[in-house]
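S.K.: build me a model from this:
(2 chains)
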Number of protein chains: 2
Amino acid sequence: MDIEAFRKAGYQAVDAICDYYTKIREMPVNSTVEPGYLVKQLPDHAPEKGEEFAVIAKDFQEQIMPGITHWQHPSFFAFFPSITNFESILADMYATSVSNPGFNWNCSPACTELEMVVMDWAAKLFGLETSYHGSSGAGGGIILGSASEACLTVAVAARERCLRILTEGTVSQNGHHVNGPAGGNSNGSNGVTTGVDGARVKATQVVIPDDLRASSTPKMAAIILGMEFRALPTYRKDDYALRADVVRMALEEDAKEGLIPFMLNHIADIGAILKDFPTTYLHVDAAWAGVCLALPELRQTLQLDPINEYAHSFSTNFHKWGLVAFDATALWVRDRELLTSALDVTPAYLRTAQGDSGSVIDYRNWQLALGRRFRSLKVWFVLRSYGVEGYQKHLRGGLEMANVLEKMIQGSLDFELLVPKSLALLVFRYHPCDRQYSQTELNDLNRRLHASLATRGDIILTQTVLPAENGEEGTFCIRFSLGNARTEKKDVVQGWELVVRLANELEK
Amino acid sequence: MDIEAFRKAGYQAVDAICDYYTKIREMPVNSTVEPGYLVKQLPDHAPEKGEEFAVIAKDFQEQIMPGITHWQHPSFFAFFPSITNFESILADMYATSVSNPGFNWNCSPACTELEMVVMDWAAKLFGLETSYHGSSGAGGGIILGSASEACLTVAVAARERCLRILTEGTVSQNGHHVNGPAGGNSNGSNGVTTGVDGARVKATQVVIPDDLRASSTPKMAAIILGMEFRALPTYRKDDYALRADVVRMALEEDAKEGLIPFMLNHIADIGAILKDFPTTYLHVDAAWAGVCLALPELRQTLQLDPINEYAHSFSTNFHKWGLVAFDATALWVRDRELLTSALDVTPAYLRTAQGDSGSVIDYRNWQLALGRRFRSLKVWFVLRSYGVEGYQKHLRGGLEMANVLEKMIQGSLDFELLVPKSLALLVFRYHPCDRQYSQTELNDLNRRLHASLATRGDIILTQTVLPAENGEEGTFCIRFSLGNARTEKKDVVQGWELVVRLANELEK
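M.R.: Numbering: from 1, shown residues only, chains lettered A, B, ... in the order given. As a prediction, the model looks like this:
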């Protein structure tokens, strides 16, 4: 494809994207294709001769688009938001046009430096304390591809730190002060073991296991690092919150068995416990909710103070609710040297004068992979185009919709919220008030309600199951996730009225 | 930004990209900015109010572009090619416009199915045997972000397989036939140990440690998995090739110490040795060269037959020489169930009827992260736009340039090739014939030659150091890497003449 052919195809792509967003509200939100729909349509081998791009672009509309679920649709309430926007599309155009593997500052100095800049912008936007800022010289931020990658990356840093304490009796070699013991939280605890230098080291992972907000990433990190995994149960009577004494008990039990705790995920008000477990590293993985730290009124709820006091690292996904298209996971560490000393495996052909002198960051030494995309550009475009005001307005919009929905659920005699509203996420079930229902009957009703919702093209909601307790089966329920940029109040009201109508149509 | 503002900004971006490629040949190839150039220019916090996109686009040109090194420039001979093209830019536009996290088939069926289709296209393009194809039902391909990620992913599969053999005495549970012993290669061997279930398991990693083609990815995987790492030396007299008997000796030594070998990287003609080491998993990491399997005339050199006979998995980077913009690492496995059984950690809210029924692939269970970008679109656009013919023509172009350069180096009395030409990569040094030079003198000369090249804006070449032997210091030399899409013969000739001229200007 030559330059003029690209100009034509590029204009056409821009127009096609404009058309898409003009029509998106009128489109079905989810794809209704059958498994194999595309495999059947496409040839089973690449064409021998090159094809005209006009044909390829037409096939994108005719073959690919029917198999796209529209995550930007105003009635997309499933999973969690995965927002893209025009700023991100433009950033990807520019970034791909100057694509490079980005592993060194030298690969393209602008890519490294813009990442340093926007990650400090975001650290300030979220209220992170100065030792998380790159400008502190001690810590700093990096943009990775996923929360899993962030979790795995800090697990390597945590192991490095643990081993240093065990072998050298010291935490850090570069003058960076680690704020004493680390605080952990929250609704459950998972234990994982691995062998390090002959000692049995235990990574205690404190996660939220209620299946509403639990992420699979810590478990994945444990699998990769070759650790075992177990979970401590939590209960409805505690609103699925883990009590501090439970954490202490678990850690003491492990200590008795000779296990050395070294990593805790998620944060709460139980940091003080960890004074007695100095090898413990605290990573706060706030993949979904973390961007709401941009709202001063939420910082206490979201525990900014303990994050600033106790945590060793913090991560959140710009690419969920945070207005930057997938992928863009923000990770901040307070001691970059834990990463670089564990991860620097620079062969001679990747060495550069600037990197050797320490005058620049070579981000490859902060991450597991060598190459990296120019992701900071989309963060820059978004933060500049929205401004802090626009960013906050977007987040508050999602919270407001959630308030509207919460009121509607609470005002209904036939529905119940099963856990307190969490920011823009509501978990409810149908529970008709006409007679007594058993847990099994309610699960059946709600399964059928979800199934009837799932066949439609005008709404998407995800199911979940709260953990079993008291010998009863787990609680099947439905998640209503808000925060998408195009969702308006009328969409939430319309979506809820649809749920109510379909519930009323169910045979009880 | 509303739809019409995007249309305007989108057209403008397309035009800017067209301008860039119109002028690229006349631009300096590398950025000459000083460390901190951008950090100094930008504000230290995000703007409070949103800005007009026209201002942001202007800043991209004025602030970012000067810090970009032009990897698509015809005189970019450093590192390795990292090709982008118009097809990839267009694919990123479309993909980002329908962005979604892609973890399930349901997230957007088109994304999963297109990946299945193009990975089968590519498996055929590269001559991979049918058990690597997704259509076989047993194996299949996935597009990941980096060779490191591929290496780490298969390391988890390798560990799964090793543990099954140790605990169950069997290789695979799903009827997939593993082709007996695995073959290893090549120019060196690295040993890594870890504890698995109390047994000391050893991952012997056979890599090319001559620093020309050695990748840092296997070492990184070892670090992450908590293994130790050591390298066996190789020598110039063997052209830095590892002999089969050395591999056997190393494995037998480890066996005597009670270590269990479980993973070998890279392939050669020594597969037969591994009959005696059945826990060994063979992954072929052909990050750079693998795409050349698209050329039938190179398949014997690139050992396609042993890959098809012995390997358990194979990976190559589309995003180097392979015409697809970063990131797009292709990984094929022959037993997908090794991945899914190790990596499936599906919580209830990610379960779907289609996934549970097994009728679709949920790629999240093939990889370490949950979310994934719609990378198959750029592979589809590229393979269709170029066709097999165009793809082959591009690769052959790089090989031809390398032949031209090889002849010029061989024809010069004052330069020597230090290892045989490897596809489109040449490693040489300046070695004037006017008198005898010591290794130290030659290293000094070549360091100065490389330094004088590095200050220029019209060429980029990377240095490397061949390993020390016979008590002498290592050999400093210069890499000349071809394969970029815009490079023509005249650029190679001009680049070489520049090297010769600068060498002649050096004070000896």
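S.K.: helix or strand for the residue positioned nearest the centre of chain A, just tell me which one.
M.R.: In chain A, the centroid-proximal residue (Cα atoms, centre = their mean) is A:Ala287; its distance is 3.1 Å. Per DSSP states H and E: A:Ala287 is located in neither a helix nor a strand.
S.K.: number of nearby residues for the residue nearest to it when sequence neighbours are not counted?
M.R.: The spatially closest residue to A:Ala287, leaving aside those adjacent along the chain, is A:Ala147, at 4.1 Å (Cβ to Cβ, 6 or more residues apart in numbering or on different chains). Using the backbone N, CA and C atoms, a C-beta is placed for each residue, glycine as well. When neighbours are defined as other Cβ atoms under 10 Å in any protein chain shown, A:Ala147 has 30 of them.
S.K.: one more: the one 4 residues further on?
M.R.: The number of residues packed around A:Cys151, counting by other Cβ under 10 Å, is 31.
S.K.: A:Gln436 and chain B, how far apart?
M.R.: 26 Å (Cβ to the nearest Cβ, to the nearest Å).
S.K.: quick one: what helix or strand has that residue in it?
M.R.: Going by DSSP H and E, A:Gln436 is not in any helix or strand.
S.K.: from the middle of its chain, how far away would stretch A:361-373 be?
M.R.: Relative to its chain's centre, stretch A:361-373 lies at 20 Å (Cα atoms, centre = their mean, to the nearest Å).
S.K.: need the distance between the two termini of it.
M.R.: Length of stretch A:361-373, first residue to last, Cα to Cα, to the nearest Å: 16 Å.
S.K.: quick one: mean pLDDT for that stretch?
M.R.: For stretch A:361-373, the mean pLDDT works out to 89.
S.K.: do it and chain B meet at all?
M.R.: Yes. Residues of stretch A:361-373 contacting chain B under Cβ under 8 Å from any Cβ of the partner chain: A:368-371, A:373.
S.K.: before we move on, the earlier item: hang on, the residue nearest to the centre of chain A packs against A:Phe318?
M.R.: No. Between A:Ala287 and A:Phe318 there is no contact under Cβ atoms under 8 Å: 10.2 Å.
S.K.: residues shared between the contacts of these two?
M.R.: Residues touching both A:Ala287 and A:Phe318 (Cβ atoms under 8 Å, 6 or more residues apart in numbering or on different chains) are A:Thr329.
S.K.: next, count neighbours for the closest residue to A:Leu498 other than its chain neighbours.
M.R.: Ranked by Cβ to Cβ, 6+ apart and with sequence neighbours excluded, the top spatial neighbour of A:Leu498 is A:Ile459, at 5.8 Å. Neighbour count for A:Ile459, taken as other Cβ under 10 Å: 23.
S.K.: residue contacts, A:Ile459?
M.R.: A:29, A:75, A:77, A:453, A:495, A:498-499.
S.K.: cutoff 7 Å now
M.R.: By Cβ atoms under 7 Å, 6 or more residues apart in numbering or on different chains, the contact set of A:Ile459 is A:29, A:75, A:77, A:453, A:495, A:498.
S.K.: nearest to chain B, of those residues?
M.R.: A:Val29 (11.6 Å; Cβ to the nearest Cβ).
S.K.: pretty sure the closest one contacts A:Ile460?
M.R.: Yes. Between A:Val29 and A:Ile460 there is a contact under Cβ atoms under 7 Å: 5.4 Å.
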